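Q: sequence first, predicted model second:
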Amino acid sequence: MINYGANEGKLATIIDVVDANRALVDGPEAKTGVKRHMLNFKRMSLTDIKIDIPRNARQRTLGKAWDAADVAATFAGSSWGKKIERKRKRSAMNDFDRFKLMIAKKQKSRAVNNTLKKMRAAAN
């Protein structure tokens with residue numbers, strides 16, 4: 001996951017380690033929009049997803065391995081991916097959507113509290 005720069009928020013695959021500070025990364029570009037380039041380790045966050053590919057794999061090989069491992073769906077199903085999706089949805093809300101969400105939360109809370117009160121009354 002790239003966390004800084006033009007490709008921030010996009011997934012990329014480490015193709016090769018250049019030195020202690022940099023790695024060669026590639027999207028694959030057709031699937032993620034990340035071109036092959038060197039990237040500092042400080043500008044990326046490593047995920048648990050691993051693809052078995054040779055060092056300096058070609059675009060085609062990487063694309064096939066990416067599809068076989070179903071990386072995008074695996075990441076989207078992880079707690080990290082879900083958190084990012086929640087943030088994206090939240091930031092896309094307008095004032096009216098936030099208002100409707102607030103009202104729905106209040107109604108849910110009220111219904112839960114009423115149910116708890118009835119259960120406590122029945123127990124006594």
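A: Nice, thanks for sending it over.
Q: okay, CA-based contacts and neighbour counts for the rest of this
A: Will do.
Q: residues near Gly63, how many?
A: Each residue near Gly63 was counted by other C-alpha atoms under 10 Å, and the total is 17.
Q: now it: closest residue in space, sequence neighbours ignored.
A: On the basis of C-alpha to C-alpha, 6 or more residues apart in numbering, the spatially nearest residue to Gly63 that is not a chain neighbour turns out to be Pro28, at 6.0 Å.
Q: where's that neighbour relative to Asn7, distance?
A: Computed with C-alpha to C-alpha, to the nearest Å, the distance linking Pro28 and Asn7 is 13 Å.
Q: which of the helices or strands spans the spatially most central residue of the chain?
A: Centroid-nearest residue in the chain, with C-alpha atoms, centre = their mean: Gly81, separated by 2.7 Å. With the criterion set as DSSP states H and E, the secondary-structure element containing Gly81 is helix 79-91.
Q: beyond that helix, next helix or strand please.
A: Tracing the chain C-terminally past helix 79-91 and defining elements by DSSP H and E, one meets helix 95-123 next.
Q: can you give me the buried ones in that following helix?
A: Across helix 95-123, burial judged by 16 or more other C-alpha atoms under 10 Å covers no residue at all.
Q: now it against helix 79-91, angle please.
A: Angle between the axes of helix 95-123 and helix 79-91 is 120 degrees (criterion: axes from the mean of the first three to the mean of the last three C-alpha atoms, to 10 degrees).
Q: which residues are common contacts for Pro28 and Asn7?
A: Residues touching both Pro28 and Asn7 (C-alpha atoms under 8 Å, 6 or more residues apart in numbering): Val34.
Q: the two: who's more crowded?
A: Neighbours per residue, other C-alpha under 10 Å: of Pro28 and Asn7, the larger number sits with Pro28, 22 against 16.
Q: which residues does that one contact?
A: Residues touching Pro28, when contacts are defined by C-alpha under 8 Å, 6+ apart, comprise Ala12, Thr13, Val34, Lys35, Arg36, Gln59, Leu62, Gly63, Trp66.
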